[in-house]
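A.B. asks: only geometry, no sequence info:
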Ligand code: A3P
């Protein structure tokens with residue numbers, strides 16, 4: 001941490017018994033977890049090293065942030081935003097992978113030094129891979145200090161842990177999704193990504209998610225913080241479900257936000273580019289590079305998965321459905337936020 005960096009929130013270890021139990025399930029973490037600030041946001045220990053650097057990073061007026069709770073459609077939104085903001089530059093979109101176009105601000109906090117060492121060894125036969133590995137796992141603030149404007153930035157941090165000047169200085173696009181679909185999708189990613197290495201079943205995972213024993217939870221606090229700012233002129237709040245049911249209309253909303261105008265044909269072509277089938281096979285956006293670095297397990301499943309709204313029903317038994325219903329209703333009581341169907 002830089003010496004005069006101030007971070008206004010307390011960072012506390014999670015209870016030792018919870019820590020011990022979680023480490024039995026998440027084999028990609030070795031030291032355990034912390035809770036941050038009054039809302040108790042949950043992170044791996046390594047967050048301590050980055051908290052203040054992120055909170056105090058210099059925001060530039062031309063910065064574009066795409067933020068979300070993980071698995072809410074971030075990647076989809078990133079590509080949509082990038083294409084719109086860059087006047088539909090298909091050539092560059094194809095040539096430069098999304099992970100290079102959008103530094104992931106806090107990814108490094110999930111990469112434990114033991115894993116980093118393992119990844120270095122596994123990629124040691126290729127200078128190119130080693131270079132990409134170092135880039136991807138380098139603290140986002142360091143990556144971002146080096147790159148020219150306009151910068152496109154991915155983050156899953158809630159607004160309160162991002163720089164205070166963010167919304168008054170730069171544009172933020174936040175995307176939210178039904179928490180049941182988020183949980184299913186994040187469960188799969190937690191099994192796929194070796195920095196998490198989850199080995200339990202979905203029911204156990206769902207309990208961790210609902211009880212705020214998981215990265216970036218509490219889920220509702222995260223979404224509500226952004227929802228409260230939805231009318232700020234620099235904030236565009238989207239739902240995964242709206243991209244899913246009417247992508248063209250969402251493209252128009254994004255275009256308006258960035259002051260761009262496109263013809264119907266241009267929008268149609270962009271929607272095709274963003275369709276799940278094209279996305280899954282598009283090496284520039286599908287995170288296959290993370291597979292090649294072996295940060296993601298190699299195998300059938302990829303980072304881009306089903307891409308459906310409402311698929312959660314296949315994973316919830318009756319008891320979980322009732323729990324979910326109650327949990328969602330309770331958490332929506334003090335807000336006009338409603339998830340789209
Ligand atoms: P599923 O696991 O439910 O399929 P994030 O980018 O925030 O990690 O979100 C990942 C989720 O968005 C995954 O959901 C993924 O399949 C879905 N997704 C990614 N690209 C998509 C697209 N072009 N169309 C629809 N869904 C997409």
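C.D. replies: Great, that's in hand. Everything numeric in this text was worked out from a predicted model, so none of it was measured.
A.B. asks: So is stretch 269-281 next to the ligand?
C.D. replies: Yes. Stretch 269-281 reaches the ligand (C-beta under 6 Å from any ligand atom) through 274, 276, 279. C-beta: built from backbone N, CA, C; applies to glycine.
A.B. asks: ok, now which ones touch the closest residue to residue 293 other than its chain neighbours?
C.D. replies: In space, not counting the residues next to it along the chain, residue 293 is nearest to residue 133; the distance is 5.3 Å by C-beta to C-beta, 6 or more residues apart in numbering. Taking C-beta atoms under 8 Å, 6 or more residues apart in numbering as the criterion, residue 133 is in contact with 119, 120, 123, 293, 295.
A.B. asks: What of residue 205?
C.D. replies: 183, 186, 187, 190, 198, 214.
A.B. asks: ditto for residue 327
C.D. replies: residue 210.
A.B. asks: please redo it, this time with the cut-off set to 10 Å
C.D. replies: Listed by C-beta atoms under 10 Å, 6 or more residues apart in numbering, the contact set of residue 327 reads 179, 180, 209, 210, 211, 219, 220, 320.
A.B. asks: which SSE is it in?
C.D. replies: In the assignment (DSSP states H and E), residue 327 maps to helix 318-332.
A.B. asks: What are the buried residues along that helix?
C.D. replies: Buried positions in helix 318-332, judged by neighbour count with 16 or more other C-beta atoms under 10 Å: 320, 324, 327, 328, 331.
A.B. asks: can you check stretch 87-95 too?
C.D. replies: The neighbour-count check on stretch 87-95 (16+ other C-beta under 10 Å) flags 88, 93 as buried.
A.B. asks: Pull the residues that contact it.
C.D. replies: Taking C-beta under 10 Å, 6+ apart as the criterion, the residues outside stretch 87-95 that touch it are 79, 82-83, 86, 96, 101, 258, 260, 262, 266-267, 269-270, 273, 282-285.
A.B. asks: Would you list the buried entries among those?
C.D. replies: When burial is judged by neighbour count using 16+ other C-beta under 10 Å, the buried members of the contacts of stretch 87-95 are 79, 82-83, 86, 101, 260, 262, 266-267, 270, 273, 282, 284-285.
A.B. asks: Turn the residues you listed into a markdown table, including distance to residue 150, pLDDT and secondary structure.
C.D. replies: Rendered in a markdown table, the data for those read as follows (distance: C-beta to C-beta, whole Å; pLDDT from 0 to 100; DSSP: H, G, I helix; E, B strand; the rest coil):
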| residue | distance to residue 150 | pLDDT | secondary structure |
| --- | --- | --- | --- |
| 79 | 16 | 98 | helix |
| 82 | 10 | 98 | helix |
| 83 | 14 | 98 | helix |
| 86 | 9 | 98 | coil |
| 101 | 11 | 96 | helix |
| 260 | 14 | 98 | coil |
| 262 | 19 | 98 | coil |
| 266 | 21 | 98 | helix |
| 267 | 22 | 98 | helix |
| 270 | 19 | 98 | helix |
| 273 | 21 | 98 | helix |
| 282 | 22 | 96 | coil |
| 284 | 19 | 96 | coil |
| 285 | 19 | 96 | coil |
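A.B. asks: Turn those residues into a markdown table, columns for distance to residue 304.
C.D. replies: As requested, the buried ones among the contacts of stretch 87-95 are arranged in a markdown table below (distance: C-beta to C-beta, whole Å):
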| residue | distance to residue 304 |
| --- | --- |
| 79 | 11 |
| 82 | 16 |
| 83 | 16 |
| 86 | 21 |
| 101 | 16 |
| 260 | 25 |
| 262 | 24 |
| 266 | 24 |
| 267 | 22 |
| 270 | 17 |
| 273 | 14 |
| 282 | 9 |
| 284 | 12 |
| 285 | 8 |
